[in-house]
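> Below is the sequence, then the predicted model.
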Amino acid sequence: MNKIGKTFIISGPSGVGKSTVLRALFQGRDDLYFSVSATTRLPREGERDGKDYHFIDAGAFRHMIDEDAFLEYAEYVGNFYGTPKKYVDDAMAEGKDAILDIEIQGAAQVCAKRPETVRIFIAPPSWTELERRLTARGTDTPEKIQQRLLRAKVELESARDYDYLVINDTVEDAAEELRAILKAEHCRPVDRVDQITG
């Protein structure tokens, strides 16, 4: 039986450690595809087209919107960002699970188009720990940290709307929970009953 991949959305507040957990999840796996967003912003130093982002101009992006070529898209400070359907669909057709690291508004757009999408929210073990992690990064001003914390409050409220909630207490435990979720989602009868009924 040819396995068709599934789409998984990973969301969570800034500072929760999504990127680190996803790196651990992808370690040694060739059955997963990490969705690379398209953007109209210019590449930053060291960024590579197709690896960090698909860099395209505004005209091409608008054409893709008209063609309904995005699972979700948004505009931030004058630049567009979006998840192209093609790469996700190609990966799933190859039997790979597509992992989308997107925020809650983008997740809602994807699920409106594809209700079967599995949504996983990654949360900190405590509010205090989230504050500590944001401060320890040393990349933001105290004002920016407060903005991120205000945003995190809203995002954490949305966690109850997701299918799964993973607590990132330690990276390995969080990655192990993600592995378990992915495995369990492929054990649903709708995906397997054909194997036993011929």
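In hand now; what should we look at? Residues are numbered from 1 along each chain as shown.

> From here on, just use CA atoms for contacts and neighbour counts.
OK.

> residue closest to the middle of this protein?
Asp101 (1.6 Å; C-alpha atoms, centre = their mean).

> All the helices of the protein, in order from the start?
For the chain, applying DSSP state H gives helices covering 18-26, 58-66, 85-93, 104-113, 127-137, 142-158, 171-185, 189-197.

> Rebuild those helices as CSV, extending it with mean neighbour count.
Below are these laid out as CSV (neighbours: other C-alpha atoms under 10 Å):
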stretch, mean neighbour count
helix 18-26, 17
helix 58-66, 14
helix 85-93, 17
helix 104-113, 17
helix 127-137, 14
helix 142-158, 14
helix 171-185, 16
helix 189-197, 9
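
> Between these, which one is closest to Lys6.
helix 85-93 (6.3 Å; C-alpha to C-alpha).

> Counting by contacts, list what that closest one packs against.
On a contact count with 3 or more C-alpha pairs under 8 Å, 6 or more residues apart in numbering; DSSP states H and E, helix 85-93 meets strand 97-101.

> who's in contact with Lys85?
Shown in contact with Lys85 (C-alpha atoms under 8 Å, 6 or more residues apart in numbering): Ala69, Phe70, Leu71.

> what's the neighbour count on Thr40?
Using other C-alpha atoms under 10 Å, Thr40 has 21 neighbouring residues.

> Double-check it against Gly59; I have them as touching.
No - judged on C-alpha atoms under 8 Å, Thr40 makes no contact with Gly59 at a distance of 9.0 Å.

> and the residue nearest to the centre of the chain, what pLDDT?
Here, the pLDDT recorded for Asp101 equals 94.

> distance of it from Glu45?
Going from Asp101 to Glu45 by C-alpha to C-alpha, to the nearest Å gives 22 Å.

> Kindly report the same for Ser19.
20 Å.

> And for Phe61?
Between Phe61 and Glu45 the computed distance is 22 Å (C-alpha to C-alpha).

> swap in Thr7?
With C-alpha to C-alpha as the criterion, Thr7 and Glu45 are 30 Å apart.

> Between these two, which is the more surrounded one?
More crowded of Thr7 and Glu45, by other C-alpha under 10 Å: Thr7, with 23 against 6.

> Nearest spatial neighbour of that one, chain-adjacent residues omitted?
Excluding the flanking residues, the one nearest Thr7 by C-alpha to C-alpha, 6 or more residues apart in numbering is Ala98, at 4.8 Å.

> what do you get for Leu25?
The nearest residue in space to Leu25 (C-alpha to C-alpha, 6+ apart) is Ala175, at 5.2 Å.

> OK, contacts around that neighbour?
By C-alpha under 8 Å, 6+ apart, the neighbours of Ala175 are Val21, Leu22, Ala24, Leu25.
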